[in-house]
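J.: pasting the sequence and the predicted coordinates here, then a few questions.
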Amino acid sequence: MSYSGMASKLERHFPEQPHGTAQRIAQAMAQRGVEPLPRNYELFHAAFSGSPATLSSDLAALGNAPSQKALDAIGLKRKLPGYLAQELGAAQQMAIAAIHTMTSAISRESRPMTDALASLDAFLQRLDTDPVMSMSDFAAEARTLQQTLAHLRTCEKRLADAVKTTAATLGDAQTQIAADQRAALRDGLSGLPNGAALSMTIAALFDEQDVTTKPAALVLVSVEHLRALAERHGPEVGAKAVKKCAAIFRKSVKKSDVVARIGYDTFGFLLHDVSEQNAQAIATRIRDAIQSLQIRLPSREFAGQTLSLSAGIATTATVGGPRDLMRHAEMALTMVRTDGRQGILRCTPMMCAQIAGLQEA
């Protein structure tokens, strides 16, 4: 694949990246001889973002043309969703293989069981039809039946062992699948749900309840200066700031609400049973809490870095489904951040109409 083609693919996978970032990541991958797979894009994107800390050095240690196995090991270690999906697929294949083994064992051992039952039935029929069977004939039939039953017991033991082994394998696979599913929906740095988890929750919201009688709001926020903080003072400082923001966000919403990290400096809040005014008040409270946060900088005991926050809000009352809710919130966030401005903007009915017009054009 050409450098421009790789950059184009990367932009589709990570459309929130600043201008030029996708090109730099694609160029770095091409220079290192890394295969342009979506999960590899994710890995290099995380390294360029400075999250997790030391990821860049781990990649550098692999040298040029690293094996996919080595890249997968790093991605799994960092619990990146794309690599966890690969691991989830492996666990599912393990379960499928165990079921296939069990099916084969049942098929293999069931025939001797059928033969043994047929032999026993024939012996009983012979006794019934020939009550004066000679002792020698009876003894021969009994020996044959005894051998058949012994073989049957062996088959039963093999089948029982196969069932036991399969049950253990399926248990291990089920445990691994559950763990991988949880990890695949969790952001490794902040511990918050990730973008995939947020999307699933939004979809479930429209499926499970009447959003007209129980309104909800999606608040997308961008923590301003967070990425620059990591670039200027190192990934460790950036990671610390992300965790502090995540702690504030958790405390700012109800337990029934959802807060997710969907980008390096971008977070989403799904607020249940709120009006537009409630959502704006919550976003304002979150912004004030972030602005009061002080991030200590290395080698600067008495100096700290402050952050700020911009937010875009969309409500279920003005949209037709999950996709519109996310799109409207994204549009509001983009508009409020135009030309470097900051603030909180709610997607009004007029803005919604304008967005609908753009979608139809």
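T.: That came in fine, so what should we check first?
J.: ranges for the strands of the stretch 101-250 of the chain?
T.: Shown for the stretch 101-250 of the chain, the strands assigned by DSSP state E, counting those that start in this stretch span residues 216-224.
J.: at which residues are the helices of it located?
T.: In the stretch 101-250 of the chain, the helices defined using DSSP state H, counting those that start in this stretch lie at 135-184, 195-208, 226-233, 235-251.
J.: what about the last one, average pLDDT?
T.: Across helix 235-251, pLDDT averages out at 91.
J.: would CSV of the helices of the stretch 101-250 of the chain with distance to residue 35 be doable?
T.: Placement of C-beta: from N, CA and C, glycine included. Output for the helices of the stretch 101-250 of the chain, formatted as CSV (distance: least, Cβ to Cβ, whole Å):
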stretch, distance to residue 35
helix 135-184, 21
helix 195-208, 23
helix 226-233, 27
helix 235-251, 25
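J.: wait, which of the ones you listed is closest to residue 264?
T.: Nearest of these to residue 264, taken as Cβ to Cβ: helix 226-233 at 5.7 Å.
J.: count of residues packed around the residue nearest to residue 246 when sequence neighbours are not counted?
T.: Nearest non-adjacent residue to residue 246, counting by Cβ to Cβ, 6 or more residues apart in numbering: residue 190, 3.8 Å away. The number of residues packed near residue 190 is 22, by other Cβ atoms under 10 Å.
J.: so residue 190 makes contact with residue 240?
T.: No: with contact defined as Cβ atoms under 8 Å, residue 190 does not reach residue 240; the gap is 11.2 Å.
J.: the closest residue to residue 62 other than its chain neighbours: neighbouring residues, count only.
T.: In this structure, residue 62 finds its nearest non-sequential neighbour in residue 70, 5.4 Å apart by Cβ to Cβ, 6+ apart. Neighbour count for residue 70, taken as other Cβ under 10 Å: 14.
J.: from residue 156, how far off is residue 70?
T.: 47 Å (Cβ to Cβ, to the nearest Å).
J.: ok, residue 223 - contacts?
T.: Each residue near residue 223 by Cβ atoms under 8 Å, 6 or more residues apart in numbering is listed here: 245, 265, 266, 267, 290, 307, 308, 309.
J.: contacts only, for the first one.
T.: Contacts for residue 245 were tallied using Cβ under 8 Å, 6+ apart; they are 190, 223, 226, 267, 290, 293, 307.
J.: my guess is residue 35 meets residue 68, correct?
T.: Yes: under the criterion of Cβ under 8 Å, residue 35 makes contact with residue 68 at 6.3 Å.
J.: what separation is there between residue 37 and residue 43?
T.: Distance from residue 37 to residue 43, by Cβ to Cβ: 9 Å.
J.: what about those two, which has more around it?
T.: In terms of neighbours (other Cβ under 10 Å), residue 43 is the more surrounded of residue 37 and residue 43; the figures are 25 against 16.
J.: pLDDT score for that one?
T.: Residue 43 is assigned a pLDDT of 81 by the prediction.
J.: count of neighbours near the nearest residue to it once chain neighbours are set aside?
T.: Counting by Cβ to Cβ, 6+ apart, residue 43 lies nearest to residue 75, which is 5.2 Å off, once chain neighbours are set aside. Residue 75 sits with 23 neighbouring residues when counted by other Cβ under 10 Å.
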